[in-house]
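Asks: Okay, here's the prediction I keep looking at, along with the sequence it came from:
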Amino acid sequence: MADRITAIDDVITALAGQSYVCGRALGTVAFLALRLGRPLFLEGEAGTGKTEIAKALAAALGRRLIRLQCYEGLDAAQAVYEWNFAAQMVAIRSAEATGGTDASHLRDTLFTSDFLIERPLLQAMRPQPGGAPVLLIDEVDRTDEPFEAFLLEALSDFQVTIPELGTIRAPEPPIVILTSNRTREVHDALKRRCLYHWVDYPRFDRELEILQARAPEASARLSREVVAFVQRLRTEDLFKKPGVAETIDWAKCLLALDVLTLSPEVIADTLGAVLKYQDDIARLQGSEAKRILDEARATLEPAG
């Protein structure tokens, strides 16, 4: 599949085949990342589809998806490899029981690939069936600067070093996608290594298209009302504005309840699917939900 990606439209079509609706700007930067072999850095609010593009791209290209979920305190060893300590201890006890306790030989035996636990970065350097994998480094903004510096080096040379085994270089560089929710600024040095794209909340027509792709069983009326309501909701002073992921989840919840059209009562009952903080949910109690629904429906009248 990858060898058939020769133009921007090929990327957009391939992603559409995985129910990922991709705009021209994102399709362009994704095409360039593939063509130039550069990491793609996607930044934006949570729930806008940054992680999903990596999943869709891997599926479209027929490549393995390897995900490194970042978190505070993540270090290079946890991202690359660790030794299977429990298995090593069993091997030591077995050697002692059989009298094979030569220290030099035992050390050579213990620190081999048989006892190596490969973490995402090392896995991404290995040859994979179907070609180089898609390496998703998710929420890199949750890590700290030392790990960023390590990533910068690893992504520059596409190699990692294990002291006991030596340097392992990727025979074919992985397709790298980094995401950030911008909880803090990622260092410019890492961003310069990548192609950059800001993933924003989509406009009404694009979000409606996304919802129709992900929840095609929803009626046109319900889909339009859901998208209009969520779009209007994002203009409110909320602690956490709902992303596209919440739009899709909410529509699926409404379908499970056999809802045909929105009402203040239905909204009150299902707000937990679209809002994730109690303070935000409390803001929409009483007449607020009806007000926002009325305003959302008013935006649909010209097209209705």
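Replies: That came in fine, so what should we check first?

Asks: And the helices in the stretch 101-250 of the chain?
Replies: Assigned by DSSP state H, counting those that start in this stretch, the helices in the stretch 101-250 of the chain fall at 103-110, 120-125, 145-157, 188-192, 204-214, 220-233, 244-256.

Asks: Give the buried residues for the fourth one.
Replies: For helix 188-192, the buried set under the neighbour-count rule, 16 or more other CB atoms under 10 Å, comprises 190-191. Bear in mind the C-beta positions are built from the backbone N, C-alpha and C, glycine included.

Asks: now for that helix, which elements pack on it?
Replies: Packing partners of helix 188-192 (3 or more CB pairs under 8 Å, 6 or more residues apart in numbering; DSSP states H and E): helix 145-157.

Asks: In the helix it packs on, which residues are buried?
Replies: 147-148, 150-152, 154-155.

Asks: Check the offset of that helix from the chain's centre.
Replies: Put simply, helix 145-157 sits 19 Å off its chain's centre (CA atoms, centre = their mean, to the nearest Å).

Asks: So which elements touch it?
Replies: Here helix 145-157 touches helix 76-80, helix 188-192, going by 3+ CB pairs under 8 Å, 6+ apart.

Asks: out of these, nearest to Asp258?
Replies: helix 76-80 (45.4 Å; CB to CB).

Asks: ok so, going back, for the buried residues of helix 145-157, which one is nearest Val29?
Replies: Leu155 (16.7 Å).

Asks: Test my guess that that closest one contacts Pro39.
Replies: Yes: contact criterion CB atoms under 8 Å: Leu155 and Pro39 qualify, at 5.5 Å.

Asks: what sits in contact with each of the two?
Replies: With contacts defined as CB atoms under 8 Å, 6 or more residues apart in numbering, the residues shared by Leu155 and Pro39 are 176, 193-194.

Asks: Please name the residues that touch the nearest residue to Glu246 once chain neighbours are set aside.
Replies: Nearest residue to Glu246 in three dimensions, chain neighbours excluded: Val274, at 4.7 Å (CB to CB, 6 or more residues apart in numbering). By CB under 8 Å, 6+ apart, Val274 lies in contact with 230, 233, 242, 246-247, 249-250.

Asks: between the shared contacts of Leu155 and Pro39, which is nearest Met89?
Replies: Nearest member of the shared contacts of Leu155 and Pro39 to Met89, counting by CB to CB, is Val176, at 35.7 Å.

Asks: Reformat the shared contacts of Leu155 and Pro39 as TSV; add pLDDT.
Replies: Below are those laid out as TSV (pLDDT from 0 to 100):
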residue	pLDDT
Val176	97
Arg193	91
Cys194	94
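
Asks: Filter those down to the buried ones and hand me the ChimeraX line.
Replies: Only the buried entries of the shared contacts of Leu155 and Pro39 go into this ChimeraX selection, using 16+ other CB under 10 Å:
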select :176,193,194
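
Asks: Can I get the shared contacts of Leu155 and Pro39 in TSV including distance to Ala289?
Replies: Output for the shared contacts of Leu155 and Pro39, formatted as TSV (distance: CB to CB, whole Å):
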residue	distance to Ala289
Val176	43
Arg193	46
Cys194	41
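
Asks: Where does pLDDT dip in this structure?
Replies: Across the chain, the ranges flagged by pLDDT under 70 are 1-3, 99-107, 301-304.

Asks: so where do the strands sit in it?
Replies: Counting by DSSP state E, the chain has these strands, from start to end: 40-44, 65-69, 81-83, 116-118, 134-138, 159-162, 166-169, 175-180, 195-199.

Asks: so how far is Val226 from the nearest residue to Glu45 once chain neighbours are set aside?
Replies: Once flanking residues are discounted, Glu45 sits nearest to Gly243: 6.1 Å by CB to CB, 6+ apart. In this view, Gly243 and Val226 are 14 Å apart by CB to CB, to the nearest Å.
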